[in-house]
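> Model the structure of this input:
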Amino acid sequence: MTELTFKDPDIAGFRALLAGMAPDPADPPPTIEQRRASTDAWGESMPLPEGVVAEPVTLGGVPGVRHRPATADAGGTLLYLHGGGYVTGSSRSHGAFVAHLAEAAGMMGVALDYRLAPEHRFPAAMDDAVAAYRALLDEGAAPERLAVGGDSAGGGLTVATALALKAQGLPQPGALYAISPWADLTQSGASYAGRCAERDPMITRAGLDDMAAAYLGGADAHDPLASPVFGDLSGLAPLYIQCGGDEALLSDSLKLAEVAALSGLEVRLEVWPEMIHVWPVFHRYLGAGRRAIADAAAWLRAHTGSGG
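Purely as a prediction, here's the structure:
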């Protein structure tokens, strides 16, 4: 493969950082427990914004952490569904990111600890997200002041949750926000091979196949509640998708935006050249991540009326 060159001032250095953290190929692969611990440790190394109060919360029986910025006004809440292929990730791995996003949007942010596979298979994660959303409504939250968002598996889960809300007759939130969504668990998109696959330092098709099997447990990957690109998205909330131009999951975002548009949704798709999988989460290192958070926050404010 030819040497990669970049116009972005930060991405080459961050790629080098990721490469330095990669395990030795000669070592045995890490266990799920080790992967969960390292993911959480990475997230916990990121500082919370000054003035944000983090407090444990349980919504519909599902634990999480509520981040309350000083900028948050009454009523606006982002229910955030972390990434990690449905097998890793938590409020610990993503709490700082949720806090930064919530502060920028002038909302409260809830990092939800939905159940993980393989201990809890499909549709456990979606059931937990719906239960938490119901609980926010039961607390008196106006649906138009709510947003549901997530990255990677959590991005696909965001849209799957909206589909489940529709099926159950529950009101849609004011906004859906998906970062690098894993929305097709069949891994059928063109970006899983060729240029994107060669340039992606984080995601492989084989790894996604393993995580899909762990989550699905034999269920059909074409089920729209697992792979929302196969669903009828009509009637869902407005959808904002951010994805990187150098990630293997690029096809998922392109297909999801197409399906949403053909279903009559308001959809905004942004492909950020040279960016990798879920780059906004790495905002501490990437100026493009900070800009992506600012763009997402403005969109969330416009669609939920938050932040004054």
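> Every contact and neighbour count from this point should use C-alpha atoms.
OK.
> Can I get stretch 177-190 in CSV, CA atoms only?
Taking C-alpha atoms only, stretch 177-190 is exported to CSV below (Å, rounded to 0.1, in the frame of the first residue of the first chain):
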residue,chain,number,x,y,z
TYR,A,177,-27.9,12.0,15.5
ALA,A,178,-25.6,9.2,14.2
ILE,A,179,-21.8,9.3,14.0
SER,A,180,-20.3,6.6,11.7
PRO,A,181,-23.4,4.4,12.2
TRP,A,182,-23.1,0.7,11.9
ALA,A,183,-26.5,0.3,10.3
ASP,A,184,-26.0,-2.8,8.2
LEU,A,185,-24.9,-5.9,10.1
THR,A,186,-24.6,-7.9,6.9
GLN,A,187,-21.5,-5.8,6.0
SER,A,188,-22.6,-5.6,2.4
GLY,A,189,-21.4,-2.1,1.4
ALA,A,190,-18.7,-1.4,-1.1
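> tell me the mean pLDDT over it?
Averaging pLDDT along stretch 177-190 gives 97.
> Give the buried residues for that stretch.
177-185, 187, 189 (16 or more other CA atoms under 10 Å).
> right, and the helix or strand after the helix or strand of the chain with the lowest mean pLDDT?
Here the helix or strand of the chain ranked lowest by mean pLDDT, DSSP states H and E is helix 195-199, holding a mean of 92. Downstream of helix 195-199, the first helix or strand assigned by DSSP states H and E is helix 205-216.
> Name the residues of stretch 58-71 that come out as buried.
Residues of stretch 58-71 classed as buried: 59-60, 62-69, 71 (neighbour count, 16+ other CA under 10 Å).
> if we can go back for a sec, which among the buried residues of stretch 177-190 gets closest to R195?
Relative to R195, the closest of the buried residues of stretch 177-190 is G189; by CA to CA it sits at 12.6 Å.
> Quick one: residues contacting the closest one.
By CA atoms under 8 Å, 6 or more residues apart in numbering, the contact set of G189 is 249, 251-252.
> one more time with 6 Å, if that's ok
S251 (CA atoms under 6 Å, 6 or more residues apart in numbering).
> And it, how far from D200?
Distance from G189 to D200, counting by CA to CA, to the nearest Å: 15 Å.
> hang on, the earlier thing: neighbouring contacts of the least confident helix or strand of the chain?
For helix 195-199, the external contacting residues (CA under 6 Å, 6+ apart) are 246-248.
> Of the residues you listed, which is the most crowded?
A248 (30 neighbours; other CA atoms under 10 Å).
> doesn't A190 make contact with that residue?
No. Judged on CA atoms under 6 Å, A248 makes no contact with A190 at a distance of 8.7 Å.
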